[in-house]
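Colleague: Whatever this is, show me its structure:
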Amino acid sequence: MAQMRSERHWLPSIPALVFAGTLAFVTLVFQEPLLNSDGDLARHLRHGEYMLQHHALIRADPFSYTMAGKPFVAYEYGSQLVLALAHRVGGLAGVTVLAGLLIAAAYALVARYMLRRGVDPALACGVVFAAAIVSVGHWLARPHLVTLAAVPILLELLSPLGKARLWPFPVLFAIWANLHAGFLYGLIVIGIFLVAAGLTVIRTPVAADRFASVRFYGAAFGLAAIATLLTPNGFGLHRQMFATVGNAYVMNHTSEFASPDFHDALTKLFLWVMLAAIAAAMLSRRRVSTLAALVTLAGIDLALVFQRNTPFFALTALPLLAVELDPAWRALGLLGRLRSALETGSRGASTAAWTALAAGSAVAVGSLHGRVGSHQIIGDAFSQDRLPVRAVAQAREAGISGRLFSDFTFGGYVLYAWPEQKVFIDGGTDFYGSGLMRDYAAIRGMRPGWRDLMRRWDLSVLLVRPAAPVAAELAHDGGWAYWYCDKQAVILLRADAARAAPAPASRPDPDHCVPPAATEEPAS
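Modeller: Numbering: from 1, shown residues only. The predicted structure follows:
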């Protein structure tokens, strides 16, 4: 028996398996959408590299000609520096590993949270899987992955199994605020715990020291809120955040702030998981606590208003409900053999050693730019099928200059791969504001006055997708000409710029220079 316990001690625990499996999936299978969903990762890398080169935060915009020199609040500077350092060490393979570590840590911590509170391992695994499939559409190599990992840490601090401690809250939130503005979600979660504790006090007036939880959560909220001021931006960070949330046009025309589209397949998974969680709470004979109910309702509300909050609902509401509904789950008697095997195998299994082994192996491969011998295990380049890689390379090699107008999703990549070129706009919608976003939408969508806007901004280079109607329109009027075309992007030059420009190094693909027969929806 002692020998069997010793052998189990060296088996990987469920959190270790979750960590290693998620890390392997993200780095080896999911890399293309992780890096190439749009140009935002490239923008963050460029910002981080700029700060590393200049040994200072970005205080005024150096990247665009439309907002040149305007005050800039680098509220994600910490994450951008970390991303840039990972890129220096291992290129895009290093960035992939960093993103994979954060994603894997988030779901491993959720598994650990449930198992430490006695949740049946089979149910815990099911909840982790549900949380992952709900969130996978948001697994993008961006600063918000910091919040993905921070939320389960916060949940553990708010639900201590031993003595509750306050000092970790200001530490966590000071770090969090210097990495990503998602700390606001964390403050909301603490606030919900505080409200739930207050309601419990009202319902149980005779309990001894009934105000202990209220004092703890109130102090935690206050310390955490104060700690968010410990950034180079001070109150400027909070002003920027609330100004962005208060700008209706920016919020309505930035995809991550949009409500979920339930016609999308991945978003339907969120709908089904959300409905399943509500149904489980309703059908359970055991009454769900005020805390779990409030966290679930608030999580649903925040996810329905802003789709970017979907993963955070999955990482808070689902594990809390699992802890409370575990007795009802066990009473069902489902998956008896699997549950027994998981429960037996998880006793005394190792977490730290296997997690360290998985993380160390990934970091080692990432530091080699994803290569092991002659094999490219992890990719080290942006996708030519998702971003204008060839078009930008051709333009930079030829020394094309002038005021560039590019597709919104191309702007960040231009900053990264064509650093000499200033952009019209990129993914930092909170900085550019509604005025410039309206100008972009008018030009891209050929709305009334779009030609006047092009003259006002003195545009001479256009980088858009081949199906963009504005490209065909400009080519037809004779004042512009196609300079480069491929299936991902086309470059048009104004007539005077076209006469002075050298030919591209490789011949344009004429099939993609033909104006499209059907128009696409105007981009915003």
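Colleague: Could I have the CA atoms of the one helix or strand I226 maps to written out in PDB?
Modeller: For I226, the host element (DSSP states H and E) is helix 212-227. The C-alpha coordinates for helix 212-227 follow below in PDB (Å, rounded to 0.1, in the frame of the first residue of the first chain):
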ATOM      1  CA  ALA A 212     -16.200  39.700  10.000                       C
ATOM      2  CA  SER A 213     -16.700  38.900   6.300                       C
ATOM      3  CA  VAL A 214     -18.000  42.400   5.600                       C
ATOM      4  CA  ARG A 215     -14.900  43.900   7.200                       C
ATOM      5  CA  PHE A 216     -12.600  41.600   5.300                       C
ATOM      6  CA  TYR A 217     -14.100  42.200   1.900                       C
ATOM      7  CA  GLY A 218     -14.500  45.900   2.500                       C
ATOM      8  CA  ALA A 219     -10.800  46.200   3.500                       C
ATOM      9  CA  ALA A 220      -9.800  44.000   0.500                       C
ATOM     10  CA  PHE A 221     -11.800  46.300  -1.800                       C
ATOM     11  CA  GLY A 222     -10.300  49.400  -0.400                       C
ATOM     12  CA  LEU A 223      -6.700  48.200  -0.400                       C
ATOM     13  CA  ALA A 224      -7.100  46.800  -3.900                       C
ATOM     14  CA  ALA A 225      -8.600  50.100  -5.200                       C
ATOM     15  CA  ILE A 226      -5.800  52.200  -3.700                       C
ATOM     16  CA  ALA A 227      -3.200  49.800  -5.100                       C
END
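Colleague: got the contact list for it?
Modeller: With C-beta atoms under 8 Å, 6 or more residues apart in numbering as the test, helix 212-227 has contacts from 157-158, 164, 166, 169-174, 177, 183, 186-187, 190-191, 193-194, 197-198, 200-201. Backbone N, C-alpha and C define where each C-beta goes, glycine included.
Colleague: again, but for stretch 244-261
Modeller: 267, 270-271, 303-308, 310, 429-430, 433-434, 437-438, 441, 524.
Colleague: Pull out the buried residues from those residues.
Modeller: Buried members of those, scored by 16 or more other C-beta atoms under 10 Å, are 267, 270, 303-304, 306-308, 310, 429-430, 433, 437, 441.
Colleague: now, which of the residues you listed sits nearest L123?
Modeller: F270 (19.6 Å; C-beta to C-beta).
Colleague: Now do the contacts for that closest one.
Modeller: 134, 260, 303, 310, 314.
Colleague: can you do 6 Å?
Modeller: F270 makes contacts with 134, 310, as judged by C-beta atoms under 6 Å, 6 or more residues apart in numbering.
Colleague: Please report how far it lies from F262.
Modeller: F270 sits at a distance of 8 Å from F262 (criterion: C-beta to C-beta, to the nearest Å).
Colleague: same thing with A467?
Modeller: 26 Å.
Colleague: Compare these two (neighbour count), which wins?
Modeller: It is A467, of A467 and F262, that has more neighbours when counted by other C-beta atoms under 10 Å, with 15 against 11.
Colleague: quick one: that one is in a strand?
Modeller: No. A467 is assigned coil when assessed by DSSP: H, G, I helix; E, B strand; the rest coil, not a strand.
Colleague: got the domain boundaries for the protein?
Modeller: Per the record, the chain has its domains at 2-36+73-360, 389-512, by automatic domain parsing.
Colleague: JSON lines please, covering those and showing mean pLDDT.
Modeller: Below are the domains of the chain laid out as JSON lines (pLDDT from 0 to 100):
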{"stretch": "domain 2-36+73-360", "mean pLDDT": "90"}
{"stretch": "domain 389-512", "mean pLDDT": "92"}
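Colleague: circling back: show me which residues of the helix holding I226 are buried.
Modeller: Across helix 212-227, burial judged by 16+ other C-beta under 10 Å covers 213-214, 216-218, 220-221, 223-225, 227.
Colleague: In contact with R371, which residues?
Modeller: Applying C-beta under 6 Å, 6+ apart, no residues contact R371.
Colleague: Report the beta-bridge partners for it.
Modeller: Q376 (DSSP bridges).
Colleague: Surely G90 and H369 touch.
Modeller: Yes. With contacts counted by C-beta atoms under 6 Å, G90 reaches H369, the gap being 5.4 Å.
Colleague: neighbour-wise, which of those two wins?
Modeller: More crowded of G90 and H369, by other C-beta under 10 Å: G90, with 24 against 18.
Colleague: Not counting residues beside it along the chain, what's closest to that one?
Modeller: Residue nearest to G90 in three dimensions, not counting chain neighbours: G366, with 4.2 Å by C-beta to C-beta, 6 or more residues apart in numbering.
Colleague: do the same with A398
Modeller: Leaving aside its sequence neighbours, A398 sits nearest to P502 (C-beta to C-beta, 6+ apart; 5.0 Å).
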